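Trainee: here is a sequence together with a model predicted from it:
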Amino acid sequence: MSSFFLYLGLGLFSLVLLCLYRGIFGPGVLNRIAAISAIGTKTLVILLLMGFIYQRIDMFIDISMVYALLNFIGTITAAKYLEIKGEV
Amino acid sequence: MTQVTDDIIIRTVARILMPFIQLYALYVIMHGHHSPGGGFQGGVILGASFILYLITHGLEEAKLRMSEVKAGLFSSFGLLIYSGIGLLCLILGSNYLDYGELSTILKVIPAQARSLGILGVEIGVGISVMAVMFSIFFDISTGGVLPEDDEGEREGR
């Protein structure tokens, strides 16, 4: 069962690389914000999979919740800045 | 960052989410010696909830909840709890922050006194970190000049 989680995590990692490409080369700021947000969500799931692999899911779920929270606040802050600044 | 925009979705989501964020921050502070976390991490989450309020509701409404003066008072108060517990151990004839001596005051066994002492110190650290986080964000979002700060604007800062 542990190898299943490992391969799932590796698959998600390859998707993170695709999102990272969009975050670095993506045209415009909005694409980059969306890419960073998606990377944060995938990282959260990878953290939980690591928790399953190490059999310490009760430890990793705390970290992943903080990660989701800070990701949410970061995206809102970037969107707020763009709204006031008025240019992309 | 300081203007108020009438965005009902963001405001409602932030208003629903804030109590859960703060409850989770208190969990991280209280549960710090059994799981990842502790005073600093819980304080950062607690400060993030106030920063979320400032972003979504604007500077004027956030000042009613937590002003700059209150943030300074809270940071000093957290430091007072930390150093007060440390000095209490020193007065009772032990090393600084050696919680075992607190068992004579708390009327518990030394092991439980150590647990309670660490909890008290972490609460102090959490309050202090929350206030300092909010204070830093407050200063950044106002650019260092408060609207009622007449002297600062007269000097052209």
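Mentor: Happy to help now that I have it.

Trainee: hey, let's count contacts and neighbours off CA atoms from now on
Mentor: Fine.

Trainee: indicate whether the host helix or strand of B:Val125 makes contact with chain A.
Mentor: Counting by DSSP states H and E, the element that carries B:Val125 is helix B:110-142. No - Helix B:110-142 lies apart from chain A when judged by Cα under 8 Å from any Cα of the partner chain; the minimum separation is 10.7 Å.

Trainee: so which residue is smack in the middle of chain B?
Mentor: Among the residues of chain B, the one closest to the centroid is B:Met130, at 2.4 Å (Cα atoms, centre = their mean).

Trainee: other SSEs contacting the longest helix seen in chain A?
Mentor: In chain A, assigned by DSSP state H, the helix with the most residues is helix A:57-85. Other helices and strands packing on helix A:57-85, by 3 or more Cα pairs under 8 Å, 6 or more residues apart in numbering or on different chains; DSSP states H and E, are helix A:29-54, helix B:39-65.

Trainee: so what's the most centrally placed residue in chain A up against?
Mentor: For chain A, A:Gly40 is the residue whose C-alpha lies nearest the centre (Cα atoms, centre = their mean; 1.4 Å). Neighbouring residues of A:Gly40 by Cα atoms under 8 Å, 6 or more residues apart in numbering or on different chains: A:67-68, A:71.

Trainee: quick one: low-confidence residue ranges for the chain.
Mentor: Picking chain A for this. Regions of chain A meeting the criterion pLDDT under 70 cover residues A:86-88.

Trainee: not what I meant, chain B
Mentor: Along chain B, segments meeting pLDDT under 70 span B:1-6, B:146-157.

Trainee: picking up where we left off before, the residue nearest to the centre of chain B and B:Ile29: what is the separation?
Mentor: Shown here: B:Met130 relative to B:Ile29, a distance of 12 Å by Cα to Cα, to the nearest Å.

Trainee: many thanks, have a good one.
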